[in-house]
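[1] Dropping a prediction and its sequence here:
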Amino acid sequence: MMSLDSITLYLVATMVAALLGAMMVFFGKQENSPALKWWGTAYLLGAASVALWTAAGDKLGPHLYLALNAVGFVACGMVWNAARVFHGRKPNWPGLLVGALAWVAAASLLDPASSMLRMLVGAGIVSIYAALTAGELWVERRKSLQRRWPAFAVPVMHGCVLMLPILIGSFLRPNDAGFSSSIWVTAFAVELVLYAVGTVFVIFMLVSERTVTAHRTAASTDPLTGMLNRRGFSEACSRVIEREAKAGRPVTVMIFDIDHFKSINDRFGHPAGDEMLKLFSTVVVSNLRISDLSGRIGGEEFAALLPCSLEEGVLVAERVREAFETSGVVVDEGPVDTTVSIGVAGGPAGTELEVLLASADTALYQAKRGGRNRVESAEELPLSLENWRRQSAARTGVPQTRPATA
């Protein structure tokens with residue numbers, strides 16, 4: 001009865017694995033995901049090998065039996081390689097085959113009557129692949145462990161279940177015949193079903209997480225320059241300002257506006273204007289520290305936030321201005337002037353981003369009025385955005401609803 005129950009469980013496990021494998025291959029083609037194709041193919045291979053071994057194990061010749069088991073271990077290697085491919089690494093082809101080769105060598109050297117020892121060797125190989133898969137997911141964790149723990153825990157638990165009889169099996173079942181009909185065989189069958197379902201759950205969790213991250217990144221990134229857009233810049237700056245406020249450190253904001261950008265588009269065409277924008281974004285990023293934030297917040301308008309004092313921010317702004325001026329852009333019609341006006345504003349710890357941007361925008365207005373290609377720093381911060389709007393309306397005679405550059 002135990003043998004029939006075990007066979008039934010193994011057949012159920014293979015049907016579940018085959019169904020899940022086909023589903024992953026289908027979605028892998030639909031989403032153009034190589035990792036899903038790897039995982040799906042691994043499931044299909046593993047399901048086919050286990051199904052044939054379960055249904056016709058006694059009727060298989062020794063060579064076909066070895067080959068069938070080797071295919072199962074190749075499937076385990078494919079699961080590990082799928083984790084590598086998912087994280088952007090190349091497949092490890094020697095590692096894909098080494099488990100199967102190790103099994104063939106061990107099975108050839110061991111006594112054919114030592115079924116327990118052969119089973120333990122196979123369980124050890126699968127456990128190693130499970131540990132390698134867990135290691136890939138651990139090294140590449142990009143989220144908190146609270147979010148990523150299932151991706152690490154499922155293969156680890158799978159390896160532990162397979163390794164447990166290796167550690168204590170000799171004490172429970174010293175003879176091979178007893179072991180082959182022991183509770184471990186049933187436990188393996190149940191664990192295969194749980195592992196198949198659990199692993200697919202983890203796989204789709206990881207794929208879904210990556211898709212959400214990709215959409216979130218696209219929503220906060222400027223497609224032309226690759227910099228943060230206004231929304232992304234604002235969200236990132238809020239986090240940095242909050243962090244610096246806790247430490248009591250000041251922050252500085254600067255706004256860049258490429259001089260005479262409209263005339264560049266009119267004279268040389270919009271493709272030349274796009275190249276100018278990409279050039280300037282490169283200049284900005286190259287002259288900022290890795291801890292600084294920068295983004296494109298308008299047509300030819302860029303902004304940056306630096307966790308530093310106003311004096312340090314002015315020095316950085318001058319460095320950006322000089323680097324852009326000397327970039328030496330030449331088109332068929334001749335050289336193109338590459339100058340930028342920059343407004344800089346600094347504030348004490350906890351100053352709101354919009355207040356800093358409003359003050360930097362006023363400084364930028366002064367830089368434009370002063371002849372362009374220059375850096376101006378704000379003399380003082382407005383007490384509030386409402387005060388800034390009143391002051392701006394009094395200066396220009398036009399009510400302001402947002403910071404605007406001249």
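    Alright, I've got the coordinates.

[2] residue ranges of the helices in the stretch 51-200 of the chain, please?
    Assigned by DSSP state H, counting those that start in this stretch, the helices in the stretch 51-200 of the chain fall at 62-86, 93-109, 115-139, 145-172, 176-180, 183-219.

[3] average pLDDT across the fifth one?
    In this model, helix 176-180 carries a mean pLDDT of 46.

[4] repeat for stretch 72-91
    Stretch 72-91 comes out at a mean pLDDT of 86.

[5] just the CA coordinates of stretch 69-87, formatted as PDB?
    Below are the C-alpha coordinates for stretch 69-87, written out as PDB (Å, rounded to 0.1, in the frame of the first residue of the first chain):
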ATOM      1  CA  ASN A  69      18.100  10.000 -14.000                       C
ATOM      2  CA  ALA A  70      20.800  12.200 -15.600                       C
ATOM      3  CA  VAL A  71      18.100  14.200 -17.400                       C
ATOM      4  CA  GLY A  72      16.500  14.800 -14.000                       C
ATOM      5  CA  PHE A  73      19.800  16.200 -12.600                       C
ATOM      6  CA  VAL A  74      20.200  18.400 -15.700                       C
ATOM      7  CA  ALA A  75      16.700  19.800 -14.900                       C
ATOM      8  CA  CYS A  76      18.000  20.700 -11.400                       C
ATOM      9  CA  GLY A  77      21.000  22.400 -13.000                       C
ATOM     10  CA  MET A  78      18.600  24.400 -15.200                       C
ATOM     11  CA  VAL A  79      16.700  25.700 -12.200                       C
ATOM     12  CA  TRP A  80      19.900  27.000 -10.800                       C
ATOM     13  CA  ASN A  81      20.900  28.500 -14.200                       C
ATOM     14  CA  ALA A  82      17.500  30.100 -14.500                       C
ATOM     15  CA  ALA A  83      18.200  32.100 -11.300                       C
ATOM     16  CA  ARG A  84      21.500  33.200 -12.900                       C
ATOM     17  CA  VAL A  85      19.800  34.200 -16.100                       C
ATOM     18  CA  PHE A  86      17.000  36.100 -14.200                       C
ATOM     19  CA  HIS A  87      19.700  38.200 -12.600                       C
END
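
[6] residues making contact with it?
    Applying C-beta atoms under 8 Å, 6 or more residues apart in numbering, the external contacts of stretch 69-87 come out as 34-36, 38-39, 41-43, 45-46, 48-50, 53, 90-92, 95-104, 107, 122, 125-126, 129-130, 132-133, 136-137, 140, 199, 206. The way it works is simple: take the backbone N, C-alpha and C, and place the C-beta from them, glycine included.

[7] Any buried residues in it, and which?
    69-87 (16 or more other C-beta atoms under 10 Å).

[8] Enumerate the beta-bridge partners assigned to Val340.
    Per DSSP bridges, the residues bridged to Val340 are Ile258.

[9] got a list of what it touches?
    Val340 makes contacts with Phe256, Asp257, Ile258, Asp259, Phe280, Val320, Arg321, Phe324, Glu325, Asn373, as judged by C-beta under 8 Å, 6+ apart.

[10] What of Val121?
    Shown in contact with Val121 (C-beta under 8 Å, 6+ apart): Trp103, Ala106, Ala107, Leu110.

[11] how far away is it from Leu109?
    Remark: distance between Val121 and Leu109 (C-beta to C-beta, to the nearest Å) = 10 Å.

[12] same question, Gly122
    14 Å.

[13] now swap in Val329 and tell me
    With distances taken as C-beta to C-beta, Val329 is found 71 Å from Leu109.

[14] ranges for the strands of the stretch 201-350 of the chain?
    251-258, 293-296, 301-306, 329-331, 334-336, 340-347 (DSSP state E, counting those that start in this stretch).

[15] Gly28 is nearest to which of the ones you listed?
    Evaluated over the strands of the stretch 201-350 of the chain, closeness to Gly28 peaks at strand 293-296, with 34.7 Å, by C-beta to C-beta.

[16] Show me what that closest one is packed against.
    Applying 3 or more C-beta pairs under 8 Å, 6 or more residues apart in numbering; DSSP states H and E, we find strand 293-296 packed against helix 230-247, helix 270-287, strand 301-306.

[17] got the angle between the second one and strand 340-347?
    Going back to what we said before, that points to helix 270-287. Taking axes from the mean of the first three to the mean of the last three C-alpha atoms, to 10 degrees, helix 270-287 and strand 340-347 form an angle of 40 degrees between their directions.
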